[in-house]
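Visitor: fold the following and give me the result.
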Amino acid sequence: MSRIDFEYISEICTKYAAPHFYVDELIPASKLANARKRYPIPEHERVIALIDSTMFGSCKNGLAICEFGVIWRNILSGSEGTYLDWEEFAQADIQKLGEFEIEFAPGIKFNASCSEVDVVIELLEELQEYVYGVLYGEYSDDVEEVDEDDDFKGEQEDDPLAPPPLPDIEWMIAVAGKQYGPYDLGLLRSMVESKQLLPEHTLVWRRGMDEWMWFKEQPEMAALVNGAAASETVPLVPTGSTPDNDSLEQFLNNESKMEDADRIDINSASYEQLLELPFIHAERAAFIVKERAAIGGYRSPEQLGEQLGLKPHQVLRLGEQTLFLPLQSVQGAVRVIDF
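Guide: Numbers count the residues shown, from 1 in each chain. Purely as a prediction, here's the structure:
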């Protein structure tokens, strides 16, 4: 079966390289870091090209072309985080809407402000033409004279056009808004058994899944939990903690906290500051301001997400941009006493 040649994808993108559009090693490290954090893009995924749609060049909004497909974030189009794998992208109906918006399907849009929209569409259409040809048999560069060999052609038709089996080491996990991995099932099992990982506070994702899921709701992960002793003594790692490196074990055991200037403390933020967060509209912001005082402050993105009825991937995104400092430390006159 034909496979997508990502080096060829890179060559296509290179033809369109321009201000606000970067390819492979020319992607600035700061922009790539923001894209991985905000869209989000797992650390192990290769970013082939990156379109920055922000006015000041932070790349917190934009579109990334990766090996798994395309992913973008742009609040101007209501896209807090949207991606299409290559099969979905190959069948998208790419159209220009208005001056800046590009539509892939009804309701699925990307705002390409700060870029030449017509050029972006031309790029996407060329990528789509190539990917469609690879997935649906119109490109046969990897098989010589396939049309002259009927027996070989018949074998190709019998091979279903489905993604190859995913390797075991594909699982990404997220704890308190931070991503780790990839891990195989054996390592995850040992982490659960040793209580280094708390299933009730962990999200999980692997390539091919539509969105992040709670650990216990994913069948393979649930099987690991059922085979291990339940943990009742290890506390949830505070969202405000950040790891010195990508080691989950060090993160769980590190008691030091590093300030993150980009994060908003849920327990002290003003109504206006709360409105800057993803998925927080006026009604939810007002609810948070009222409820946090009544309950003595929120303690985790999971607790907040449960009250607001957020989906797992929304909790993950919210956790990346928030802090949950104790209420008594941010409201000098208020003292919360637990009996």
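Visitor: now the closest residue in space to Ile27 that isn't next to it in sequence, what's its secondary structure?
Guide: In this structure, Ile27 finds its nearest non-sequential neighbour in Leu50, 5.0 Å apart by C-beta to C-beta, 6 or more residues apart in numbering. Yep, even glycine has a C-beta here, placed from its N, CA and C like the rest. Per DSSP: H, G, I helix; E, B strand; the rest coil, the local secondary structure of Leu50 is strand.
Visitor: doesn't Tyr22 make contact with Leu50?
Guide: Yes - using C-beta atoms under 8 Å, Leu50 is in contact with Tyr22, at 5.0 Å.
Visitor: and the strands in this protein?
Guide: With DSSP state E as the criterion, the chain has strands at 21-23, 47-52, 62-66, 69-74, 79-85, 95-97, 101-105, 108-111, 171-175, 178-183, 202-205, 213-214, 264-265, 322-323.
Visitor: tell me how many other residues crowd the residue lying closest to Ser10 once chain neighbours are set aside.
Guide: Excluding its sequence neighbours, the residue lying closest to Ser10 (C-beta to C-beta, 6+ apart) is Ile48, at 5.2 Å. For Ile48, the neighbour count with other C-beta atoms under 10 Å is 21.
Visitor: tell me the centre residue of the chain?
Guide: Pro40 (2.8 Å; C-alpha atoms, centre = their mean).
Visitor: residue ranges with poor pLDDT in the stretch 1-150 of the chain?
Guide: 1-2, 75-81, 138-150 (pLDDT under 70).
Visitor: any chance you could map the helices in it?
Guide: 6-15, 29-38, 86-90, 117-135, 150-158 (DSSP state H, counting those that start in this stretch).
Visitor: try the stretch 151-300 of the chain
Guide: Using DSSP H, counting those that start in this stretch, helices in the stretch 151-300 of the chain cover 185-193, 219-226, 248-253, 271-274, 282-295.
Visitor: out of these, flag the one nearest Tyr136.
Guide: helix 219-226 (30.6 Å; C-beta to C-beta).
Visitor: contacts only, for Met221.
Guide: Leu188, Pro199, Val204, Phe215 (C-beta atoms under 8 Å, 6 or more residues apart in numbering).
Visitor: closest to Asp85 among those?
Guide: Val204 (18.1 Å).
Visitor: for that closest one, give me the pLDDT.
Guide: What the model reports for Val204 is a pLDDT of 85.
Visitor: contacting residues for it?
Guide: Trp171, Met172, Ile173, Ala174, Trp212, Met213, Trp214, Phe215, Gln218, Met221.
Visitor: and the gap between the third one and Gly208?
Guide: When distance is defined by C-beta to C-beta, to the nearest Å, Ile173 is 16 Å away from Gly208.
Visitor: please apply the same query to the second one.
Guide: Taken as C-beta to C-beta, the spacing of Met172 relative to Gly208 amounts to 12 Å.
Visitor: which one's more surrounded, those two?
Guide: Per other C-beta under 10 Å, whichever of Met172 and Gly208 has more neighbours is Met172, with 21 against 10.
Visitor: which residue packs closest to Glu99, ignoring adjacent ones?
Guide: Glu99's closest residue in space is Val117 (C-beta to C-beta, 6+ apart), at 7.2 Å.
Visitor: do the same with Gln95
Guide: Glu103 (4.8 Å).
Visitor: then Phe21?
Guide: Ile51 (5.2 Å).
Visitor: give me the number of residues near that neighbour?
Guide: With other C-beta under 10 Å as criterion, Ile51 counts 26.
Visitor: now swap in the one 3 residues further on and tell me
Guide: The number of residues packed around Thr54, counting by other C-beta under 10 Å, is 16.
Visitor: measure it to Leu316 for me?
Guide: Distance from Thr54 to Leu316, by C-beta to C-beta: 22 Å.
Visitor: same check, this time on Ile173
Guide: Separation of Ile173 from Leu316 (C-beta to C-beta): 10 Å.
Visitor: any shared contact partners between the two?
Guide: Common neighbours of Ile173 and Leu316 (C-beta under 8 Å, 6+ apart) are Leu203.
Visitor: am I right that Leu304 is in contact with Tyr298?
Guide: Yes - Leu304 lies in contact with Tyr298 (C-beta under 8 Å); the separation is 4.9 Å.
Visitor: joint contacts of these two?
Guide: Ile266, Ile288, Phe324.
Visitor: now tabulate the helices of the stretch 151-300 of the chain in CSV and tack on distance to Glu11.
Guide: Shown next, in CSV, are the helices of the stretch 151-300 of the chain (distance: least, C-beta to C-beta, whole Å):
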stretch, distance to Glu11
helix 185-193, 36
helix 219-226, 37
helix 248-253, 37
helix 271-274, 44
helix 282-295, 45
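Visitor: deepest in the core, which of these is it.
Guide: Comparing the helices of the stretch 151-300 of the chain by mean neighbour count (mean count of other C-beta atoms under 10 Å), helix 185-193 ranks first with a mean of 17.
Visitor: good, we can wrap up now.
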